[in-house]
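A.B. asks: show me the folded form of this:
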Amino acid sequence: MVENLPLVTLGLILFVVALTLHKTVGRCVRLLGRTGVGLAFLALWSQVGGILGLSLGVNLFNALVLGLLGIPGFGLLLMMNWALGA
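C.D. replies: The predicted model follows:
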């Protein structure tokens, strides 16, 4: 019984850490998923936007803005592109 005490203690510590970080890890996973969707949208937009004369770069920063802000982030990126004249 005493020889299993370090393993039980380690298990309890890992359990407490997992409970503590559950929300944080969940939020990071959700942001990662939304950023992936934003990246896919930017890749699609690069195909269609050229026809309309509106182009955005397909990069991680733009995808992260879309992941964090959603549709308003898309408008922000378009306005920044227009304002900077790129």
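
A.B. asks: which residues of this structure fall in strands?
C.D. replies: Secondary structure of the chain by DSSP state E: no strands are present.

A.B. asks: any idea how far the longest helix anywhere in the chain is from the chain center?
C.D. replies: Taking DSSP state H as the criterion, the chain has its longest helix at helix 5-52. Distance of helix 5-52 from the chain centroid (Cα atoms, centre = their mean, to the nearest Å) equals 7 Å.

A.B. asks: pLDDT (mean, whole number) over that helix?
C.D. replies: Averaging pLDDT along helix 5-52 yields 90.

A.B. asks: equivalent analysis for stretch 55-64, please.
C.D. replies: Stretch 55-64 shows a mean pLDDT of 92.

A.B. asks: using CSV, write out every CA atom in that stretch.
C.D. replies: Extracted in CSV, the C-alpha atoms of stretch 55-64 (Å, rounded to 0.1, in the frame of the first residue of the first chain):
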residue,chain,number,x,y,z
SER,A,55,-8.2,40.4,-51.8
LEU,A,56,-6.8,39.5,-48.4
GLY,A,57,-3.7,37.5,-47.6
VAL,A,58,-4.1,34.0,-46.5
ASN,A,59,-2.0,34.0,-43.3
LEU,A,60,-2.2,33.1,-39.7
PHE,A,61,-2.7,36.6,-38.4
ASN,A,62,-5.7,37.2,-40.7
ALA,A,63,-7.1,33.8,-39.7
LEU,A,64,-6.7,34.6,-36.0
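
A.B. asks: so which bits of it are buried?
C.D. replies: For stretch 55-64, the buried set under the neighbour-count rule, 16 or more other Cβ atoms under 10 Å, comprises 56, 62-64. No exception for glycine: its C-beta is placed from N, CA and C like everyone else's.

A.B. asks: same check on stretch 71-86?
C.D. replies: Along stretch 71-86, these residues count as buried under the neighbour rule (16+ other Cβ under 10 Å): 73-74, 77, 81.
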